[in-house]
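Student: Mind folding the following:
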Amino acid sequence: MMNTSTTTIAVYAGLISVVIGAATFALSWNLYDMLCGPMPGTKVLLFPGNLTLIYVWHPLFTEEINFWPKLALQMFGQFFVVTTVAVLFVGVAKKLLRRKNFSRY
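Tutor: From the prediction side, this is the model:
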């Protein structure tokens, strides 16, 4: 049985996704000219952040916001979406494991 709380696991997953997303974005941004486009895999790794940019922040703000606020909104969205999904999956996994352990007795 897992002793770590669901929210702790989810927050760590969210923080890891922000670190990976920021590193991916920085590499893609700096290697854009060399690769003649975005780095392969950037869209996949930044998918949660891009979802929030398109469906949450874009309707609220115009496209013409500065670079740093837009990057901060993307990283916040990355954290929020991954943390929410992790809470759901870890919660379901804990319930399934608890049910499986009690069914033996």
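
Student: Give me the contact list for the helix or strand harbouring G49.
Tutor: Using DSSP states H and E, G49 falls within helix 47-52. With contacts defined as C-beta atoms under 8 Å, 6 or more residues apart in numbering, helix 47-52 is touched by 17, 21, 43, 73-78, 80-82, 85. All C-beta spots, glycine's among them, are computed from the backbone N, C-alpha and C.

Student: after the helix or strand of the chain with the lowest mean pLDDT, next one along is what?
Tutor: Across the helices and strands of the chain, the lowest-confidence element by mean pLDDT, DSSP states H and E is helix 58-60, at a mean of 81. Of the helices and strands lying after helix 58-60 in sequence (DSSP H and E), the nearest is helix 67-102.

Student: Give me the buried positions along that next one.
Tutor: Within helix 67-102, the residues that qualify as buried are 70-71, 73-75, 77-83, 86-87, 90, 94, counting by 16 or more other C-beta atoms under 10 Å.

Student: Quick one: distance of it to the chain centre.
Tutor: Taking C-alpha atoms, centre = their mean, to the nearest Å, one finds helix 67-102 lying 8 Å from the centre of the chain it belongs to.

Student: Same question for stretch 28-43.
Tutor: 20 Å.

Student: in this structure, what spans have low per-residue confidence?
Tutor: 1-2, 62-63, 100-105 (pLDDT under 70).

Student: which SS class is N3?
Tutor: coil (DSSP: H, G, I helix; E, B strand; the rest coil).

Student: how near is it to M75?
Tutor: 30 Å (C-beta to C-beta, to the nearest Å).

Student: One more: G21?
Tutor: 6 Å.

Student: and what of G91?
Tutor: 24 Å.

Student: Looking at the buried residues of helix 67-102, spot the one nearest Y32.
Tutor: L71 (14.8 Å; C-beta to C-beta).

Student: Could you measure from the residue nearest to that closest one when sequence neighbours are not counted over to M39?
Tutor: Distances taken as C-beta to C-beta, 6 or more residues apart in numbering place F25 nearest to L71, at 7.1 Å, with adjacent residues excluded. As judged by C-beta to C-beta, F25 and M39 stand 9 Å apart.

Student: Sweet, I'm off.
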